[in-house]
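A.B. asks: Return a 3D structure for these sequence lines:
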Amino acid sequence: MIKKGSYILGLTLLVLVVSSGFISLEEKKVKGFHLADNEVIKYHVANEYENEEKVAVKVPHVGKSFIGFAQKMAYKESRGILHLVNPYGYMGKYQFGKSALRTVGIYDFQEFLRNAEWQDKAFEALIARNKWELRKEIAKFSGKVINGVEITESGLVAAAHLGGAGSVKKYLRSNGKNGFKDGFGTSLSSYIRKFAGYDISHIEANLNAKVNLE
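C.D. replies: Here you go, the predicted structure:
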């Protein structure tokens, strides 16, 4: 005959084991989730000092305006984290390399990581430069379909942000055969698709665009 105390202890242990199994299952599910609009999440991001920091992020939900373009780019590049430095040294919410920042007139990289206005201005300056670099391609290829994706001005500019204007030109001239992927495996065609049809017309093509830091 089983004693009452032993029965209760055994039942308690069984509940704990089953509960821990459910917890592990939930933790596994989190790794592959898709977010709903405006859902707030917490996740870990490793910075350049190899620390980890918890950051709350609200998923942007906007239309095809320039603001929508900028917010989507920031979210895609860094989840919108101002001070993020990735393992390849790209910085800020739009993930700029140091050479690109110098090109648009920014040399104080620590201040850049703290300054949201600088980051937004650098993003606009780079768009202006990429528009100029891709002016012929934008005119020639807009509206065409390559690898099942319609070519648009905003899509090409976004792809140039990922891999540079030169890579975009090679992709277009090879009819999509000569592709580019970054260190994380992200392709030009995925950016051309994700960022298609946004209105960035107010930013004029300018080879010498710089950030006004005043």
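A.B. asks: Only C-alpha atoms from now on, for both contacts and neighbour counts.
C.D. replies: Will do.
A.B. asks: can you give me the strands in this structure?
C.D. replies: With strands called from DSSP state E, the chain shows them at 40-46, 52-58, 145-146, 149-150.
A.B. asks: Look up how far Phe123 lies from the closest residue to Thr103 other than its chain neighbours.
C.D. replies: Spatial nearest neighbour of Thr103, chain neighbours left out: Lys210 (7.6 Å); criterion: Cα to Cα, 6 or more residues apart in numbering. For Lys210, the distance to Phe123 equals 10 Å [Cα to Cα, to the nearest Å].
A.B. asks: do the same with Asp182
C.D. replies: From Asp182 to Phe123 the distance is 19 Å (Cα to Cα).
A.B. asks: Ala74 now?
C.D. replies: For Ala74, the distance to Phe123 - Cα to Cα - is 10 Å.
A.B. asks: Is Asp199 in contact with Lys64, as I believe?
C.D. replies: Yes. The pair formed by Asp199 and Lys64 meets the contact definition of Cα atoms under 8 Å, at 6.2 Å.
A.B. asks: okay, those two: which has more neighbours?
C.D. replies: Neighbour count, other Cα atoms under 10 Å: between Asp199 and Lys64, Asp199 has more, with 17 against 14.
A.B. asks: check contacts around that one.
C.D. replies: With contacts taken as Cα atoms under 8 Å, 6 or more residues apart in numbering, Asp199 has the following neighbours: Lys64, Ser65, Phe66, Phe69, Ser154.
A.B. asks: Where does the prediction get shaky in this structure?
C.D. replies: Along the chain, segments meeting pLDDT under 70 span 1-62.
A.B. asks: would you list every one of the helices in it?
C.D. replies: Applying DSSP state H to the chain gives helices spanning 4-30, 66-78, 98-103, 109-114, 116-133, 135-141, 153-163, 165-173, 188-194.
A.B. asks: tell me the most buried of those helices?
C.D. replies: helix 153-163 (a mean of 25; mean count of other Cα atoms under 10 Å).
A.B. asks: Next, the angle helix 116-133 makes with that helix.
C.D. replies: Comparing the axes of helix 153-163 and helix 116-133 via axes from the mean of the first three to the mean of the last three Cα atoms, to 10 degrees yields an angle of 110 degrees.
A.B. asks: So which elements touch helix 153-163?
C.D. replies: For helix 153-163, the elements it packs on are helix 116-133, helix 165-173, helix 188-194, judged by 3 or more Cα pairs under 8 Å, 6 or more residues apart in numbering; DSSP states H and E.
A.B. asks: Let me have those in TSV, adding distance to Leu84 as columns.
C.D. replies: Shown next, in TSV, are the helices and strands packed on helix 153-163 (distance: least, Cα to Cα, whole Å):
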stretch	distance to Leu84
helix 116-133	12
helix 165-173	24
helix 188-194	21
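A.B. asks: And those: which comes nearest Glu150?
C.D. replies: helix 188-194 (7.3 Å; Cα to Cα).
A.B. asks: CA atoms only: put that closest one into PDB for me.
C.D. replies: Output in PDB follows, covering the C-alpha atoms of helix 188-194 (Å, rounded to 0.1, in the frame of the first residue of the first chain):
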ATOM      1  CA  LEU A 188      20.000  42.100 -53.300                       C
ATOM      2  CA  SER A 189      16.800  40.600 -54.800                       C
ATOM      3  CA  SER A 190      15.200  40.300 -51.300                       C
ATOM      4  CA  TYR A 191      15.800  44.000 -50.700                       C
ATOM      5  CA  ILE A 192      14.500  45.000 -54.100                       C
ATOM      6  CA  ARG A 193      11.400  43.100 -53.300                       C
ATOM      7  CA  LYS A 194      10.900  44.100 -49.600                       C
END
